[in-house]
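Chemist: A predicted structure for the sequence below; I have some questions about it.
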Amino acid sequence: MKNNYLIFSVLIILFYGCNSNTKNTNPFKQGYKNIINSKTSFKSTQIALSTSEGLHNAFDTDKNTKFLVPASKNTLIIKNSATSIIKRYGITSANDAPGRDPKNWTLSGSIDGENWDVLDIKINEEFDKRGITNTYHLENNKKKYSFYKFDLEHAHTSIYGDDYLQIAEIELVALTNLPVTAFTNDRSRTKILDTIHSKTLLPIPLTPGNGYLKMEHLLKVSFKTQR
């Protein structure tokens, strides 16, 4: 009985996801994404100490590189062509000298790059170890911005006797509607290749045409695309 119900449920998914007159492009929502991409531009008030420790290192998704400036304070501006609603952000500590870590900062957002709204203020922040990412949530932020600004200040004079500021990575995470999986009716048809195994089978409520699924457990299905 369970196997028959499972097959029937999958057929419903395929029927409404692939053969509906309404094109379904987003049955599963990803939810969040890092807004930093190839079109993002960056600006720093302070110049990097060396070309190998430049500003791009703070946004290359590699915690083994870093952005280092010979100053205790710095301002970073991040510009995107599209607006986004930031819900959290992360800062990753660099490989050495904890005194160079940012300790105090303000994160602001702007539409035009001139008028800024303060989104978050942090005082006396610490990083437990090298190469660790501290994540900060902005769940109350509901406004879209295309510019983001960090006003940063380092912790204290480093073990090397300097007053530099360094960061390994910065991540800005926003809401997104980009699909993880999509069924479309104009370019493909789906065919089940393998037997579907499921320990728990739950009802899947569907409304004809909308293609959205609500499931408590993930149901994995193998499909073959035929053009």
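Modeler: Perfect, I can see it now.
Chemist: can you show me the helices along this protein?
Modeler: Remark: helices assigned in the chain by DSSP state H are 2-18.
Chemist: which secondary structure element of it has the lowest mean pLDDT?
Modeler: Ranked by mean pLDDT, DSSP states H and E, the helix or strand of the chain with the weakest confidence is strand 189-192, at a mean of 41.
Chemist: measure how buried residue 136 is and give me the count.
Modeler: A count of nearby residues for residue 136, using other Cβ atoms under 10 Å, gives 14. Any C-beta I mention is one placed from the backbone N, CA and C, and that applies to glycine too.
Chemist: hey, what's it bridged with?
Modeler: residue 89 (DSSP bridges).
Chemist: quick one: it and residue 66, what's the gap?
Modeler: 19 Å (Cβ to Cβ, to the nearest Å).
Chemist: the protein: strands as residue ranges?
Modeler: 29-34, 41-44, 67-69, 73-84, 86-92, 102-110, 117-122, 133-137, 145-154, 165-167, 169-179, 189-192, 223-226 (DSSP state E).
Chemist: mind putting these into a markdown table with distance to residue 51?
Modeler: Shown next, in a markdown table, are these (distance: least, Cβ to Cβ, whole Å):
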| stretch | distance to residue 51 |
| --- | --- |
| strand 29-34 | 25 |
| strand 41-44 | 13 |
| strand 67-69 | 11 |
| strand 73-84 | 17 |
| strand 86-92 | 21 |
| strand 102-110 | 22 |
| strand 117-122 | 30 |
| strand 133-137 | 25 |
| strand 145-154 | 21 |
| strand 165-167 | 15 |
| strand 169-179 | 19 |
| strand 189-192 | 50 |
| strand 223-226 | 46 |
